[in-house]
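**Q** here is a sequence with its predicted model. Questions after.
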Amino acid sequence: MRVLVVEDEPRLAALLVQTLTEEGWSATAAADGATGLEAVRTGGFDGVVLDWMLPDLDGPAVLQAMRAEGHAVPVLMLTARTALDDRVTALDVGADDHLAKPFEVAELLARLRALHRRATASIVAAHRAGDLVVDPQTRRVFRGPTEVDLTAREFDILALFMEEVGHAVSRYRILEEVWDGDTDISSNVIDVHIGRLRGKIDTPFGRSAIQTLRGAGYRLDPAGG
């Protein structure tokens with residue numbers, strides 16, 4: 001597990017890095033908000049410990065930028081603020097959990113482990129084809145770190161393809177599962193939706209995950225195109 005510690009107090013940052021390392025985790029420190037945000041953008045972290053009060057960008061500003069850019073890494077926010085409004089603000093801007101200062105290191109480690117378990121469970125529940133990720137619980141779709149907005153029909157078609165990834169999905173099956181067997185729906189309507197879906201998950205990324213199989217329907221490439 002790789003953890004980014006964004007903390008401007010040198011002694012606390014050093015203590016957290018040392019503690020995480022002793023736990024067998026890989027820890028990296030950033031001393032201000034801007035540096036922390038750049039580190040997140042490089043990717044590869046499984047968790048972020050983020051202080052509220054930071055130079056340049058404070059913790060909430062860093063977190064807002066992260067979420068706006070599509071970085072879903074779990075974040076534990078540290079704060080000396082204990083008022084209810086501050087705790088609510090931390091969660092509203094995208095924190096997965098928060099911990100009031102001063103704190104016991106054992107509690108911080110326990111909260112990080114809990115965040116990691118939840119994130120891992122979410123990943124297992126999601127369907128993947130290369131860097132294309134479909135989460136049926138939240139109905140969210142990602143190409144790498146980029147979230148892709150789909151209509152309800154487009155999502156249902158893609159979710160069906162994901163369930164049968166690597167295998168042919170007939171037009172009849174699409175009609176049955178996405179349009180509830182509505183016989184008034186023409187084949188052309190399915191083509192239009194597939195075209196729009198390709199225009200969102202494939203074309204902007206130079207990919208071709210959705211493949212047309214003449215006489216058989218469609219197939220989703222397991223490698224994501």
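**A** That came through, no problem.
**Q** got the CA positions of the helix or strand bottoming out on mean pLDDT in the chain in CSV?
**A** Using mean pLDDT, DSSP states H and E, helix 84-92 stands out as the lowest-scoring helix or strand of the chain, at a mean of 75. C-alpha atoms of helix 84-92 as CSV (Å, rounded to 0.1, in the frame of the first residue of the first chain):
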residue,chain,number,x,y,z
LEU,A,84,-19.5,20.0,13.5
ASP,A,85,-19.5,22.4,10.5
ASP,A,86,-15.8,21.8,9.8
ARG,A,87,-16.3,18.0,10.0
VAL,A,88,-19.2,18.3,7.6
THR,A,89,-17.1,20.5,5.2
ALA,A,90,-14.4,17.9,5.1
LEU,A,91,-16.8,15.2,4.1
ASP,A,92,-18.7,17.4,1.6
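**Q** quick check: what element follows it along the chain?
**A** strand 97-100 (DSSP states H and E).
**Q** give the other helices and strands that the following helix or strand past that following strand contacts.
**A** The helix or strand immediately downstream of strand 97-100 is helix 105-125, counting by DSSP H and E. Packing partners of helix 105-125 (3 or more C-beta pairs under 8 Å, 6 or more residues apart in numbering; DSSP states H and E): helix 10-22, strand 47-51, strand 75-79, strand 97-100. Every C-beta, even on glycine, is put in place using the N, C-alpha and C of the backbone.
**Q** and E164, which of the ones you listed is closest to it?
**A** Within these, the stretch nearest E164 is strand 47-51; the backing value is 33.6 Å (C-beta to C-beta).
**Q** about what we covered before: quick one: residues in contact with the least confident helix or strand of the chain.
**A** With contact meaning C-beta atoms under 8 Å, 6 or more residues apart in numbering, helix 84-92 is reached by W52, G59, P60, M77, T79, R81, H98.
**Q** quick one: secondary structure of the residue nearest the centre of the chain?
**A** Nearest to the geometric centre of the chain sits A72, at 3.7 Å (C-alpha atoms, centre = their mean). For A72, the assignment made with DSSP: H, G, I helix; E, B strand; the rest coil gives coil.
**Q** hmm, H127 is touching Q137, no?
**A** No - contact criterion C-beta atoms under 8 Å: H127 and Q137 do not qualify, at 10.7 Å.
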